[in-house]
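Have a look; sequence and predicted model below, questions after that.
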Amino acid sequence: MPEEIIIGAVLTQNTNWKNVSRAIENLKKALGENDILRKAEALSTEKLAELIRPAGFFNLKAKRLKALLAFLKAYDFDLNRLKSVPTDALRKSLLEVKGVGKETADSILLYALDKPVFVVDSYTKRLLKRLFNIDLQGYDEIKNLFESEYPPDLALYQELHGLIVEHAKRYCVKRPKCDECPLQENCYYASQLK
DNA sequence: CACCAGGCCCTAT
DNA sequence: ATAGGGCATGGT
């Protein structure tokens, strides 16, 4: 559900998905399934904060969510209208919303608005560092690296990001499980362990 | 008990 | 420019 993804993109900032889904359940229970963006925007920041409490940082995120919803209101919460905006311009607009940074913006673009942009997250950075010893600090530097290597295909970018997260989560944890990792033969970090 | 989780903004050097 | 602090819940 694209609407839930937009909300979830803000709620998941530095937070695990399990807590986020609880928060979203609260919202759905309180507001119903349809037109959730419009209804959420109409709530007070305090009420919103109460509902999203399980997601953590709830006061902060309530403000950020409200700011994003106010932006969407200018499009009458019509995601098809948003999609008709050129990707670059849309990304810029999203980044002007207070509380929406690059990862949040790109997650919305890729998973809610069907734009083939590469999403960089902490897992991506960790994987690049572990696997190839590539230590890029700049977000856009990493994004451009992937986008220059892969054709702009929506399904490809969605799957690629998903696979990166899945792999990094499973194997590139704090205490790396390199011995179980299917990529260990090609991994810089694993080779350093011995 | 300590540490972590799919960031972002603000402030102080 | 960039490092550091704050934001907060729930799981391991």
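Happy to help now that I have it. Residues are numbered from 1 along each chain as shown, chains lettered A, B, ... in the order given.

Every contact and neighbour count from this point should use C-alpha atoms.
OK.

Can you pull the residues of chain A lying near DNA strand C?
Counting by Cα under 7 Å from any atom of the strand, chain A comes close to DNA strand C at A:14-15, A:18-19, A:53-61.

any residues touching stretch A:38-46, and which ones?
A:Leu27, A:Leu31, A:Leu48, A:Asn59, A:Ala62, A:Lys63, A:Lys66, A:Leu69, A:Ala70, A:Lys73, A:Phe77 (Cα atoms under 8 Å, 6 or more residues apart in numbering).

wait, isn't the last one in contact with A:Asn34?
Right, A:Phe77. No: look at A:Phe77 against A:Asn34 with Cα atoms under 8 Å: they stay out of range, at 11.7 Å.

Among these two, which residue is more densely surrounded?
A:Phe77 (19 against 10; other Cα atoms under 10 Å).

Let me see the domain layout of chain A.
A:2-111, A:122-193 (automatic domain parsing).

From the contact counts, what lies against the longest helix anywhere in chain A?
Assignment by DSSP state H gives helix A:154-171 as the longest helix of chain A. Packing partners of helix A:154-171 (3 or more Cα pairs under 8 Å, 6 or more residues apart in numbering; DSSP states H and E): helix A:102-111, helix A:122-132.

OK, contacts around A:Phe77?
A:Leu37, A:Arg38.

Pull up the residues of chain A that are close to DNA strand B.
A:12-17, A:95-105, A:107, A:119, A:121-123, A:161-162, A:165, A:169, A:173-174.

Which residue ranges of chain A form helices?
Along chain A, counting by DSSP H, helices occupy A:2-11, A:17-31, A:36-42, A:45-51, A:58-73, A:79-83, A:87-96, A:102-111, A:122-132, A:139-149, A:154-171, A:188-193.

What part of chain A, helix or strand, is modelled with the least confidence?
helix A:188-193 (a mean of 88; mean pLDDT, DSSP states H and E).

list the buried ones in that helix?
Neighbour-count burial for helix A:188-193 flags A:Tyr188, A:Tyr189, A:Ala190 (criterion: 16 or more other Cα atoms under 10 Å).
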